[in-house]
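>>> quick one, what's the 3D model for this:
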Amino acid sequence: MNRIPGLKRLMHVDRDRAGVDRAVNDELEFHFDMTVRDLVKNGMTPDEARREAQRRFGDVERTRERLTTIDRSRTGQERRAESWSAFAQDLRYALRGLRLKPGFAFVVVLTLGLGIGANSAMFGIVDRLLFRPPAYMIEPARTHHIYFGRVVDGKDFVGNSAQYQRLLDLTRESKTMEVLGAYAEARRAIGVGEAARELEIGALSASLWQLFDARPVVGRFFTADEDREPDVTRVVVLSYGYWQSQYAGARDVVGKTMDIGPGKYTIIGVAPRGFAAVQMVTPSVFIPLTTSAVDGFTMMWAKYHNTYNITWLEIYGRRKPDVSIAAATADLTAAYRTSYAAQVALAPRTTPIDVAKPRAVVGSVLDERGPSPSADTKVAALLLGVASIVLLIACANVGNLLLARAFKRRREIAVRIALGVSRSRLIGQLLIESLLLALLGAGAGLAIAQWGGQILRATLMPQVEWGNAFADRRVLAFAALSSLVAGLLTGLAPILQSGRTDVASALKAGGRDGAGQRSRIRTSLLVVQAALSVVLLVGAGLFVRSVHQVQAVHLGYDADRLVWVEPRLRGVKLDSAQNAGVMHSLLDRARANPAVENASVVLSVPFSMTYNDELYVPGIGPILLTSGRGRPTT
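Numbering: from 1, shown residues only. I've put the predicted structure just below:
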């Protein structure tokens, strides 16, 4: 019977840290008393036995402190080593648990992968539209797209198209811009004969190269002397992709000639991989702005460089380092008003400056963040919101699965707490397990974003070159952040439940689970999941309905059966009579084709670009006269 106290201590289970401290004190006192009793049995007096026991045990207080408290004398390196050791142990424990339940792990990883993959794919699109600066750009925060606003018909209108003469005026009058340049895009026939293809070309002023830190892979870029009006210097810089596809990356390409539009151009260099100037779509080649104007405009536009009627380019610039956006806006507005006054003097029928109230707008270098976001931007932002809801639904679903698994491990958790594992360590283990699952889900999500997202990107922006999601640091960072958020959200429910675990009742219940707190947490997750699913379904239904209504809009003609043919004479000089003869000859051949129901010669194409002239009538206001194909004036 005298061993019963020792047996009780052996079978006793402590539930918290205070219990452990008490157990250590009781254990020391128990062994001290047992030693004194044994010495007394061997013939010592109680005082002699106590002194001998104290000699054998040494400093009892120091032993108690070493067993019950953390040694404060440890170095930071030792504490870090201990923390890493605990982390490694918890990680091995989580991996072992997932290996024992492969079906559970697969379902969780796939669910999180779908949510993280959808968000990563949409982030890649939104990032390309709204956040990622053009490749190789120097100081993108100080570089801007210049817009021009004025009052038209009583309404404030802001446009981005400008004239070459406007570029010259702003370059001369502006005091706050370090660099001003222009860019224009067009489609031209490249090649000869049946091998000729209409491809995108980029026309840029020589000054625009100064906005970038790009170095040619081969050769050089064109200079200001090769981009001077009204002279024509037909030189071309190939894009990296076109160089690889058409010339197999041959380095002796410099000096060769190629046919672009009506002229023969000399290749002088190759742009680096990924360079697209200020646009998202990489053109096939880059040519001087002035050469593009001469080769692309008709005879009636021959004086493009000293008129304000031809709008065909967009202006970009970089502020000086010490100039704010507000100061640059004021400076460019003053320069624009001076230029507009010169326009009124040249064409008196233009809307007066006090009525038009011209102003400059310094916008983001990214076109999609301009004063008027495009439809692509709105759709991409909407889809990113939908993808976020999908991720939240996935987190709620996985949280429910982890919570159910935690209930099955309720007795295990109670035993570990009873053996002295702190609740903070237990919470850390649960968090590591959820983060590990989220990390595996991020890997699956990147695969979905890379391969499954190609369909989405090809639908929204098929002409944009997309990189590899596994090699894109920004997409990888977003996927990592998404997995971290998903891991925290999914691990929240089991962590909250573990904090409410009652050790005594869990040990008594054995494998049985109660229904109290479990039901409330799981019910809340189910309600959240159902609510988000309803929001997602309603939004998807409205989106599909809107797309259907847009497709059902009647354009006034059958666009599916309409073919637009635009002749490209490629440098053949014809007078007006000869040009009319060619058009009538083409018209007769089209009408004679049995596959053609009707054919006609038109001046412009509906919903295409139109150039126009302006006539200001006092008392009525400005009247825009459409006179051909081009871009609206500003």
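
>>> in the stretch 51-200 of the chain, what spans have low per-residue confidence?
Low-confidence segments of the stretch 51-200 of the chain (pLDDT under 70): 57-82.

>>> I meant to write the stretch 201-350 of the chain there.
Scanning the stretch 201-350 of the chain for pLDDT under 70 picks out 297-302.

>>> the helices in it, which residues?
240-247, 289-296, 325-346 (DSSP state H, counting those that start in this stretch).

>>> out of those, indicate the one that is most buried.
helix 289-296 (a mean of 22; mean count of other Cβ atoms under 10 Å). Using the backbone N, CA and C atoms, a C-beta is placed for each residue, glycine as well.

>>> thinking again about what came up before, would you list the helices of the stretch 201-350 of the chain in a markdown table and tack on distance to R132?
Putting these into a markdown table (distance: least, Cβ to Cβ, whole Å) gives the following:
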| stretch | distance to R132 |
| --- | --- |
| helix 240-247 | 18 |
| helix 289-296 | 25 |
| helix 325-346 | 20 |
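
>>> so which of these gets nearest H31?
Nearest to H31 among the helices of the stretch 201-350 of the chain is helix 325-346; the distance by Cβ to Cβ comes to 77.6 Å.

>>> need the distance between the two termini of stretch 121-136.
23 Å (Cα to Cα, to the nearest Å).

>>> how far does that stretch sit from the chain's center?
Computed by Cα atoms, centre = their mean, to the nearest Å, the separation of stretch 121-136 from the middle of its chain amounts to 4 Å.

>>> buried sites along it?
A121, M122, F123, G124, I125, V126, D127, R128, L129, L130, P134, Y136 (16 or more other Cβ atoms under 10 Å).

>>> now the strand ranked longest in the chain and helix 240-247, what's the angle there?
In the chain, taking DSSP state E as the definition, the longest strand is strand 177-190. Put simply, strand 177-190 runs at 30 degrees to helix 240-247, going by axes from the mean of the first three to the mean of the last three Cα atoms, to 10 degrees.

>>> so what secondary structure elements neighbour strand 177-190?
When contacts are defined as 3 or more Cβ pairs under 8 Å, 6 or more residues apart in numbering; DSSP states H and E, strand 177-190 packs onto helix 164-173, strand 197-204, strand 257-260, helix 289-296, strand 314-319, helix 325-346.

>>> how about the ones you listed, which one is nearest E226?
Here helix 289-296 is closest among the helices and strands packed on strand 177-190 (Cβ to Cβ), at 8.0 Å.

>>> what's that closest one in contact with?
Applying Cβ atoms under 8 Å, 6 or more residues apart in numbering, the contact partners of helix 289-296 are 164, 182-184, 186, 188, 201, 203-206, 227-235, 260-263, 301-302, 304-305, 312-313.

>>> just the buried ones from those residues?
Going by neighbour count (16+ other Cβ under 10 Å), the contacts of helix 289-296 have 164, 182-184, 186, 188, 201, 203-206, 227, 229, 233-235, 260-263, 301, 304-305, 312-313 buried.

>>> thinking again about what came up before, among the buried residues of stretch 121-136, which ones are in helices?
A121, M122, F123, G124, I125, V126 (DSSP state H).

>>> skipping adjacent residues, who's closest to the fifth one in space?
Taking Cβ to Cβ, 6 or more residues apart in numbering, and ignoring the residues beside it in sequence, I125 has A380 as its nearest neighbour in space, at 5.0 Å.

>>> unless I misread the structure, the one you found falls within a helix.
Yes: counting by DSSP: H, G, I helix; E, B strand; the rest coil, A380 is located in a helix.

>>> could you check how far it is from V281?
According to Cβ to Cβ, to the nearest Å, A380 and V281 sit 16 Å apart.

>>> of the two, which one has the most company?
Ranked by neighbour count (other Cβ atoms under 10 Å), A380 and V281 place A380 first, with 25 against 13.

>>> doesn't F123 make contact with that one?
No: A380 is beyond contact range of F123, at 9.7 Å (criterion: Cβ atoms under 8 Å).

>>> one step back: so what's the residue nearest to I125 up against?
Listed by Cβ under 8 Å, 6+ apart, the contact set of A380 reads M122, I125, V126, L129, L460.

>>> so the first one makes contact with L383?
Yes: contact status for M122 versus L383: in contact at 5.3 Å, counting by Cβ under 8 Å.

>>> I'd say S205 and G181 touch.
Yes: under the criterion of Cβ under 8 Å, S205 makes contact with G181 at 4.6 Å.

>>> contact partners for R251?
So R251 contacts V218 (Cβ under 8 Å, 6+ apart).

>>> low-scoring stretches of the stretch 501-634 of the chain, by residue?
Across the stretch 501-634 of the chain, the ranges flagged by pLDDT under 70 are 501-522, 547, 568, 570-571, 603-634.

>>> try it again with 90
For the stretch 501-634 of the chain, the stretches flagged by pLDDT under 90 are 501-584, 597-598, 600-634.

>>> can you give me the strands for it?
Counting by DSSP state E, counting those that start in this stretch, the stretch 501-634 of the chain has strands at residues 611-617, 621-628.

>>> okay, now the domains of the chain?
Domains of the chain are assigned by automatic domain parsing as 4-68, 99-130+374-551, 140-365, 576-628.

>>> how much space between the residue nearest to Y164 when sequence neighbours are not counted and L532?
What sits nearest to Y164 in space, not counting adjacent residues and going by Cβ to Cβ, 6+ apart, is H305, at 5.2 Å. According to Cβ to Cβ, H305 stands 58 Å off from L532.

>>> follow-up on the earlier one: could the ones in helices among the buried residues of stretch 121-136 go into CSV alongside distance to A271?
As requested, those are exported to CSV (distance: Cβ to Cβ, whole Å):
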residue, distance to A271
A121, 28
M122, 29
F123, 27
G124, 23
I125, 24
V126, 26
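
>>> and the residue nearest the centre of this protein?
In the chain, the residue lying closest to the centroid (Cα atoms, centre = their mean) is D127, at 2.3 Å.

>>> would you mind finding the longest helix in this protein?
Counting residues, the longest helix found in the chain (DSSP H) is helix 516-551.

>>> how about the helices and strands packed on strand 177-190 in CSV, adding distance to A214?
Shown next, in CSV, are the helices and strands packed on strand 177-190 (distance: least, Cβ to Cβ, whole Å):
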stretch, distance to A214
helix 164-173, 21
strand 197-204, 12
strand 257-260, 21
helix 289-296, 17
strand 314-319, 15
helix 325-346, 24
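
>>> out of those, which comes closest to D90?
Going by Cβ to Cβ, the one of the helices and strands packed on strand 177-190 nearest D90 is helix 325-346, 50.0 Å.

>>> and the next helix or strand past that closest one?
With elements assigned by DSSP states H and E, the helix or strand that comes after helix 325-346 is helix 353-356.

>>> chain center to that next one: distance?
From the chain centre to the centre of helix 353-356 is a distance of 41 Å (Cα atoms, centre = their mean).

>>> who are the packing partners of that helix?
strand 143-152, helix 325-346.

>>> quick one, which of the ones you listed is nearest to L492?
Evaluated over these, closeness to L492 peaks at helix 325-346, with 42.0 Å, by Cβ to Cβ.
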